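*Asks:* Would you be able to build a 3D model of this:
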Amino acid sequence: MQRLLLATACLTSALAAPGKLVLDGKTYELSHVYARRSPDVFDSKKMSTYILASDTELSPADRVHNDAIRELSWNGKMNAVEIELTEGGISWRVLSSQIKMSMSGSRSPNPFALQVTPNRIKGMVKMEAPDKLGDTTYYYEFPVDAAIEKKVEAPAPTAADKVAAQGAASSKAYLAYLVVLMKGDKAGLMKAVDPAKAKMIDTPEFPEMIKFIQSMQPKNVTVLRATESGDKAELAVSGNGGSETGTVKMEKMNGVWLVMRESWKNR
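*Replies:* So this is what the prediction gives:
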């Protein structure tokens with residue numbers, strides 16, 4: 001069984017005095033704050049320290065996973081502010097499906113009063129005043145008192161894992177999804193992915209979108225391990241002759257395994 005082992009110590013809980021994110025006058029209550037050490041969004045070989053203030057409680061696996069955090073916001077399941085601590089200051093971004101453009105920026109030196117130790121971050125993130133980016137007015141503030149979590153990678157899949165994966169229902173569903181993906185079968189794709197992605201597929205832009213997705217998708221994919229737990233599953237996969245490895249999140253809805261998310265990296 002694949003496990004995501006987290007270095008935890010009093011991780012976080014709903015804030016007694018939650019923060020807030022205001023976008024064009026609409027307020028989102030930032031009720032949960034997390035901190036993590038994970039690969040830099042733009043350079044996976046570099047580790048960064050992040051603070052995430054969200055209006056939604058996140059699972060231990062999702063809150064240490066950059067791709068999961070990004071996708072939750074894209075799918076309208078989370079509104080959040082993310083702060084990356086850098087050597088010279090901070091970088092920030094607003095994560096919300098309610099905005100039509102990317103909202104991010106940086107400040108140097110760090111304008112926020114934060115105490116950072118190897119295992120915990122405490123302090124306050126608070127803008128001096130509302131600001132505007134493009135046509136969107138924004139403001140955020142939230143207290144921070146969170147342990148710094150880190151995802152510990154599971155052991156490499158074994159030969160026995162690979163054999164067992166061939167019979168897993170989630171594995172078969174993912175490989176079937178890849179077939180309809182490469183065919184450009186719109187109806188088949190809509191049945192194979194989660195409802196949020198199905199809505200994105202069912203648009204006039206589909207012909208161009210599918211060409212781009214097909215060009216990025218690794219070929220000759222093999223499932224190396226399938227870990228099913230109830231209605232959720234995680235697949236360890238490889239592609240392009242083993243030069244790329246990935247993780248696929250699956251979820252069973254109405255008795256059907258659907259592709260929720262996949263992320264790939266060069267070996």
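
*Asks:* Please make it C-alpha for all contacts and neighbour counts, starting now.
*Replies:* Will do.

*Asks:* Could you pull up the contacting residues of Leu181?
*Replies:* Contacts for Leu181 (CA atoms under 8 Å, 6 or more residues apart in numbering) come out as Leu189, Ile210, Gln214.

*Asks:* Thought Tyr177 was touching the first one, still the case?
*Replies:* Spelled out, that is Leu189. Yes. Leu189 is within contact range of Tyr177, at 6.7 Å (criterion: CA atoms under 8 Å).

*Asks:* Those two - which one has more neighbours?
*Replies:* Using other CA atoms under 10 Å as the criterion, Leu189 and Tyr177 rank with Leu189 on top: 24 against 21.

*Asks:* Wait, a strand at the more buried one?
*Replies:* No. Going by DSSP: H, G, I helix; E, B strand; the rest coil, the assignment for Leu189 is helix, not a strand.

*Asks:* Using CSV, write out the CA atom coordinates for the lengthiest strand in the chain.
*Replies:* Criterion DSSP state E: the longest strand present in the chain is strand 136-152. Extracted as CSV, the C-alpha positions of strand 136-152 are listed here (Å, rounded to 0.1, in the frame of the first residue of the first chain):
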residue,chain,number,x,y,z
THR,A,136,-9.6,43.2,-10.0
THR,A,137,-9.4,44.9,-6.6
TYR,A,138,-8.0,42.5,-4.0
TYR,A,139,-7.1,42.4,-0.3
TYR,A,140,-6.0,39.6,2.1
GLU,A,141,-5.1,39.1,5.7
PHE,A,142,-4.7,36.1,7.9
PRO,A,143,-2.9,34.9,11.0
VAL,A,144,-0.3,32.1,10.7
ASP,A,145,0.5,29.4,13.2
ALA,A,146,1.2,26.2,11.3
ALA,A,147,3.7,23.3,11.3
ILE,A,148,5.8,23.0,8.2
GLU,A,149,4.7,19.8,6.5
LYS,A,150,6.6,17.9,3.9
LYS,A,151,5.5,15.0,1.6
VAL,A,152,7.7,12.0,2.0
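
*Asks:* partners of it in the sheet?
*Replies:* Each strand paired with strand 136-152, and its direction, by DSSP bridges: strand 5-6 (antiparallel), strand 19-23 (antiparallel), strand 32-39 (parallel), strand 120-126 (antiparallel), strand 131-133 (antiparallel).

*Asks:* Downstream of it, the next helix or strand is which one?
*Replies:* Later in the chain than strand 136-152, the nearest helix or strand by DSSP states H and E is helix 159-165.

*Asks:* which strands and helices sit next to that next one?
*Replies:* Judged by 3 or more CA pairs under 8 Å, 6 or more residues apart in numbering; DSSP states H and E, the packing partners of helix 159-165 are strand 222-229.

*Asks:* who touches the strand it packs on?
*Replies:* With CA under 8 Å, 6+ apart, strand 222-229 has contacts from 1-2, 157-158, 161-166, 168, 170-171, 233-239.

*Asks:* Try it again at 7 Å.
*Replies:* Strand 222-229 is touched from outside by 1-2, 157, 161-162, 165, 168, 171, 233-239, with contacts defined as CA atoms under 7 Å, 6 or more residues apart in numbering.

*Asks:* Now that we have these, which of them are buried?
*Replies:* By neighbour count, with 16 or more other CA atoms under 10 Å, the contacts of strand 222-229 hold 2, 161-162, 165, 168, 171, 233-239 as buried.
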